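Chemist: No letters, just coordinates:
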């Protein structure tokens, strides 16, 4: 896609959201093909879902091409201890895509999908971090209602953890707003666009947070509260 067309689509998306009265700070690139971030920022967006982190054995291009689907199913859940700012945008990488049950994936047991989701929640509770789960809504229709049941059970268990005060669940927009506010306080400046030699800067605090296209984070322990340590967890809803 050309830069000119991308700019036009960014602006059109923002215009439609405004006409519908929808607050739309987040942007998800088709197929996660991230591009033209400065123009996306200029269109009024503040954050985007970045490419899912891939475990080291699958980072080489030839490995990814040969084992793309297997890697997505087998890879361990990535917990993000940092959120980055890239060209003035808050970058929120994905942790786990809930894959469709279409084709050969229908043979993946629902219990296996749910087990991986539970592992993510458990890691957030124990270690903190960002657990960013996402899915394509149309994938819910394949082998219906299998995937819908998995997601419903996951959200039910997540809701219980949130009500018990163990986790927090935030949208991508909320996660980005918190990051920007903390970064501004640390730098003692306004929320102007950020540029570094590599296009990234570290997040403002060592706070540990977790995201699901929901964002999820754990609550501080009594000892951490006594120390005044900032701790959080998040889930991403775009």
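Modeler: Nice, I can see it. All values reported here derive from a predicted model rather than from experimental measurement.
Chemist: Enumerate every residue touching residue 26.
Modeler: 45-49, 171-173, 176, 236, 238 (C-beta atoms under 8 Å, 6 or more residues apart in numbering). To be clear about C-beta, it is placed using only N, CA and C from the backbone, and glycine gets the same treatment.
Chemist: pLDDT weak spots in this structure?
Modeler: By pLDDT under 70, the low-scoring segments of the chain are 53-82, 189-238.
Chemist: That one: helices as residue ranges?
Modeler: Remark: helices assigned in the chain by DSSP state H are 3-19, 37-42, 61-66, 68-74, 110-127, 146-163, 172-187, 222-227.
Chemist: Those helices into CSV, with extra columns for distance to residue 103 and mean neighbour count?
Modeler: Shown next, in CSV, are the helices of the chain (distance: least, C-beta to C-beta, whole Å; neighbours: other C-beta atoms under 10 Å):
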stretch, distance to residue 103, mean neighbour count
helix 3-19, 30, 13
helix 37-42, 33, 18
helix 61-66, 18, 10
helix 68-74, 9, 13
helix 110-127, 15, 17
helix 146-163, 13, 16
helix 172-187, 29, 19
helix 222-227, 45, 10
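Chemist: Compare these and give me the one nearest residue 102.
Modeler: Comparison of these against residue 102 by C-beta to C-beta identifies helix 146-163 as nearest, at 9.5 Å.
Chemist: Give me the angle between that closest one and helix 110-127.
Modeler: Angle of helix 146-163 versus helix 110-127, following axes from the mean of the first three to the mean of the last three C-alpha atoms, to 10 degrees, is 20 degrees.
Chemist: Quick check: which helices or strands does helix 146-163 pack against?
Modeler: Counting contacts by 3 or more C-beta pairs under 8 Å, 6 or more residues apart in numbering; DSSP states H and E, helix 146-163 is packed against helix 110-127, strand 167-170.
Chemist: if you set the cut-off to 10 Å instead, what comes out?
Modeler: Judged by 3 or more C-beta pairs under 10 Å, 6 or more residues apart in numbering; DSSP states H and E, helix 146-163 is in contact with helix 110-127, strand 133-134, strand 167-170, strand 215-218, strand 233-235.
Chemist: so which of those comes closest to residue 27?
Modeler: When the helices and strands packed on helix 146-163 are compared by C-beta to C-beta, strand 133-134 sits nearest residue 27, at 13.3 Å.
Chemist: re earlier: for the contacts of residue 26, work out which two are farthest apart.
Modeler: Pairwise distances across the contacts of residue 26 (C-beta to C-beta) peak at 14.4 Å, for the pair 45 and 236.
Chemist: The two: which has the busier surroundings?
Modeler: Neighbour count, other C-beta atoms under 10 Å: between residue 45 and residue 236, residue 236 has more, with 31 against 22.
Chemist: Nearest to residue 15 among the contacts of residue 26?
Modeler: residue 45 (12.5 Å).
Chemist: what's near enough to touch the spatially closest residue to the closest one that is not a sequence neighbour?
Modeler: The spatially closest residue to residue 45, leaving aside those adjacent along the chain, is residue 27, at 4.6 Å (C-beta to C-beta, 6 or more residues apart in numbering). By C-beta atoms under 10 Å, 6 or more residues apart in numbering, the contact list for residue 27 reads 10, 13-14, 34, 37, 40-41, 43-49, 89, 172, 238.
Chemist: right, and residue 139 touches residue 100 too?
Modeler: Yes - with contact defined as C-beta atoms under 10 Å, residue 139 reaches residue 100; the gap is 3.7 Å.
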